[in-house]
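Enquirer: Turn this into a model:
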Amino acid sequence: MAKIIAVCSSDRKGIRKSPVDSAVFESGVGLVGDAHAGGEIIREVSLLAMESIAKMNNEGYAFKSGDFAENLTTSGIDLVSLPIGTRLQVGQEVILEVTQIGKKCHTNCAIFKEVGKCIMPKEGIFARVVQGGVVRADDALSILQQH
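Expert: So this is what the prediction gives:
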């Protein structure tokens, strides 16, 4: 079963995010209280699979949830294979719609400064909040509609 491994937030951009017990996701905002909240509507929420983090750790690193500044660390769904427009059910309330796969890398993120590379530009995805609510670690994650 696919699930949320961690919900992560930070109060500043360009730094690692810290896991939180739960967070409110709001349409037009993203994760309420996060440094990226209220920014670009197509990038309200960032997701990265634990399987992607494990690839980096297999190279000798010890990264954990939030280190790549993702809001949601997931497990059990190949995020980068999801077409744009795919809708995801997160927990009981939240519905996200995939808006972007990967991103342009910027060299001032914490991971790039530390190791000279980052997986977020190729393996992270972004989504907008279609329906808001509360998300917690261990919440179920499922594909509602795939385009």
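
Enquirer: can you list contacts of the host helix or strand of residue 56?
Expert: Following DSSP states H and E, one finds residue 56 within helix 50-57. Applying Cβ atoms under 8 Å, 6 or more residues apart in numbering, the external contacts of helix 50-57 come out as 5, 63-65, 67-68, 73-75, 78-79, 119, 123-124. (C-beta placed from N, C-alpha, C; glycine too.)

Enquirer: average pLDDT for it?
Expert: Mean pLDDT, computed over helix 50-57, is 93.

Enquirer: what comes up buried for that helix?
Expert: 50, 52-53, 56 (16 or more other Cβ atoms under 10 Å).

Enquirer: Would you mind checking the contacts of helix 50-57 for buried ones?
Expert: When the contacts of helix 50-57 are checked for burial by 16+ other Cβ under 10 Å, the buried set is 5, 63-65, 67-68, 73-75, 79, 119, 123-124.

Enquirer: Where is pLDDT lowest across those?
Expert: Among the buried ones among the contacts of helix 50-57, residue 119 carries the lowest pLDDT, at 67.

Enquirer: Low-confidence stretches in this structure?
Expert: 103-121, 147 (pLDDT under 70).

Enquirer: Spatially central residue for it, please.
Expert: residue 47 (1.8 Å; Cα atoms, centre = their mean).

Enquirer: which stretch of helix or strand covers that one?
Expert: strand 45-49.

Enquirer: Mind listing the strands that strand pairs with, and their directions?
Expert: Partners of strand 45-49 in the sheet, by DSSP bridges, are strand 72-75 (parallel), strand 125-131 (antiparallel).
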